[in-house]
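A.B. asks: just coords:
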């Protein structure tokens, strides 16, 4: 589904991504971990075509999105959902309008069908009786759930999640991580997560990669990472080396 080969990107004088290569199978959840400034968000922006690499390719379903026109990129993005770090909800819209917005912009559904679809995705993210609330009336965890509902409302084939547990307490982080896995496995979305949340990423992702100074230090299953002998990986995972 996603195949990245020899991807490199320099911003200013810093080489943020350095010869990155990896694949994400259809329906797989892959989490990218690493210290701040290692290129996690920059990587996500390449996957959705918001940044063009200095070299390398980003293949989505066999098409190199670095070589297609802007018009075709915009069409392609209808198959993507993006869960922003802070939710990025429109503060002048209520919950219903926030979730319905992509449907009104990018579908020909009737108002009745839009209402039905909004109810469906709110049910998926376990939210009830919040349609008329505005973002300022929601808790941090509820904003993440609304953001997730909006990200999948068009039927995302690919879901990109940028620090989905950022700003949440441990209980809410655990809950939203579980919800992401539950939802993406239900809809079959190919999912890439960037995060500092080591424990929850190890728990919900099918595979995990650790970025270090712009390159992939290691990539594999939870067991692969916990048994990796590299000093950087062992140090990075130290707080999470206990049984999860």
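C.D. replies: All right, it came through fine. Remember, it's a predicted structure, so these values are computed and weren't measured experimentally.
A.B. asks: from here on, contacts and neighbour counts on C-alpha atoms
C.D. replies: Will do.
A.B. asks: Kindly indicate whether residue 15 is helix, strand or coil.
C.D. replies: With DSSP: H, G, I helix; E, B strand; the rest coil as the basis, residue 15 sits in strand.
A.B. asks: For the closest residue to it other than its chain neighbours, give me phi and psi.
C.D. replies: Distances taken as Cα to Cα, 6 or more residues apart in numbering put residue 9 closest to residue 15, at 6.0 Å, once the chain neighbours are dropped. Reported as degrees, to the nearest 10, the phi and psi values for residue 9 are phi -150, psi 130.
A.B. asks: Residue 9 is in contact with residue 55, isn't it?
C.D. replies: Yes. Between residue 9 and residue 55 there is a contact at 7.3 Å, judged by Cα atoms under 8 Å.
A.B. asks: between those two, which one's more packed in?
C.D. replies: Taking other Cα atoms under 10 Å, residue 9 and residue 55 do not tie; residue 9 has more neighbours (23 against 14).
A.B. asks: and the gap between the more buried one and residue 56?
C.D. replies: Counting by Cα to Cα, to the nearest Å, the gap from residue 9 to residue 56 is 9 Å.
A.B. asks: Ok, residue 177 next?
C.D. replies: In terms of Cα to Cα, residue 177 sits 31 Å off from residue 56.
A.B. asks: Check residue 129 too.
C.D. replies: 47 Å.
A.B. asks: Which one's more surrounded, these two?
C.D. replies: residue 56 (18 against 8).
A.B. asks: check which helix or strand covers that one.
C.D. replies: In the assignment (DSSP states H and E), residue 56 maps to strand 55-60.
A.B. asks: That strand: how far from the chain's middle?
C.D. replies: Relative to its chain's centre, strand 55-60 lies at 18 Å (Cα atoms, centre = their mean, to the nearest Å).
A.B. asks: Give me the residues contacting the following helix or strand past it.
C.D. replies: Downstream of strand 55-60, the first helix or strand assigned by DSSP H and E is strand 63-64. The contact list for strand 63-64, computed with Cα atoms under 8 Å, 6 or more residues apart in numbering, reads 57, 58.
A.B. asks: Tell me the buried residues in the helix or strand following strand 63-64?
C.D. replies: Using DSSP H and E, the helix or strand that follows strand 63-64 in sequence is helix 70-76. For helix 70-76, a neighbour-count test (16 or more other Cα atoms under 10 Å) marks residue 73 as buried.
A.B. asks: Need the residues that contact helix 70-76.
C.D. replies: 49, 65.
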